[in-house]
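Colleague: need a structure here:
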Amino acid sequence: MTGQRLIHDMKADPRTGHNAVQRERAMGYLDGVMDAGAGTIWCPGRKDIPHELNYEVTDDIALLGPEKLKGNAAQLVLAALAAHYPCKPSRGKQ
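Modeller: Numbers count the residues shown, from 1 in each chain. Alright, predicted model coming up:
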């Protein structure tokens, strides 16, 4: 999935056509990417993760230029998550 497609699907009006299905698919995609990178690429720690995080990440990605949005959405999502919830360096590692 590209960043463009993810943004399109997340921002689609769910009351129109198949938009609700597209948005649910995008939410599931985001949840999977978040789960795959949690603890290694982004670290929520003990912070409560807001249920709006899918929308916050999508809003962050939407600010990127059109060329970046043509790229892999998972990489864009993980970069946005890492900016909000960076992992602390492990002790003793450089």
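Colleague: Only C-alpha atoms from now on, for both contacts and neighbour counts.
Modeller: Noted.
Colleague: Enumerate every residue touching the most centrally placed residue in the chain.
Modeller: Nearest to the mean C-alpha position of the chain, by C-alpha atoms, centre = their mean, lies residue 77 at 3.4 Å. Counting by C-alpha atoms under 8 Å, 6 or more residues apart in numbering, residue 77 makes contact with 30, 33, 34, 57, 58, 61.
Colleague: C-alpha coordinates for the host helix or strand of the second one, PDB please?
Modeller: Read that as residue 33. Secondary-structure assignment from DSSP states H and E places residue 33 in helix 19-37. Output of helix 19-37 as PDB, limited to C-alpha atoms (Å, rounded to 0.1, in the frame of the first residue of the first chain):
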ATOM      1  CA  ASN A  19     -15.600   3.800   1.800                       C
ATOM      2  CA  ALA A  20     -16.400   2.200   5.200                       C
ATOM      3  CA  VAL A  21     -14.800  -1.000   4.000                       C
ATOM      4  CA  GLN A  22     -11.800   0.900   2.700                       C
ATOM      5  CA  ARG A  23     -11.300   2.700   6.000                       C
ATOM      6  CA  GLU A  24     -11.600  -0.500   8.000                       C
ATOM      7  CA  ARG A  25      -9.000  -2.100   5.800                       C
ATOM      8  CA  ALA A  26      -6.700   0.900   6.300                       C
ATOM      9  CA  MET A  27      -7.300   0.800  10.100                       C
ATOM     10  CA  GLY A  28      -6.400  -2.900  10.100                       C
ATOM     11  CA  TYR A  29      -3.300  -2.200   8.000                       C
ATOM     12  CA  LEU A  30      -2.200   0.500  10.500                       C
ATOM     13  CA  ASP A  31      -2.800  -1.800  13.400                       C
ATOM     14  CA  GLY A  32      -0.700  -4.500  11.800                       C
ATOM     15  CA  VAL A  33       2.200  -2.100  11.000                       C
ATOM     16  CA  MET A  34       2.100  -0.700  14.500                       C
ATOM     17  CA  ASP A  35       2.200  -4.200  16.000                       C
ATOM     18  CA  ALA A  36       5.100  -5.300  13.800                       C
ATOM     19  CA  GLY A  37       7.200  -2.300  14.800                       C
END
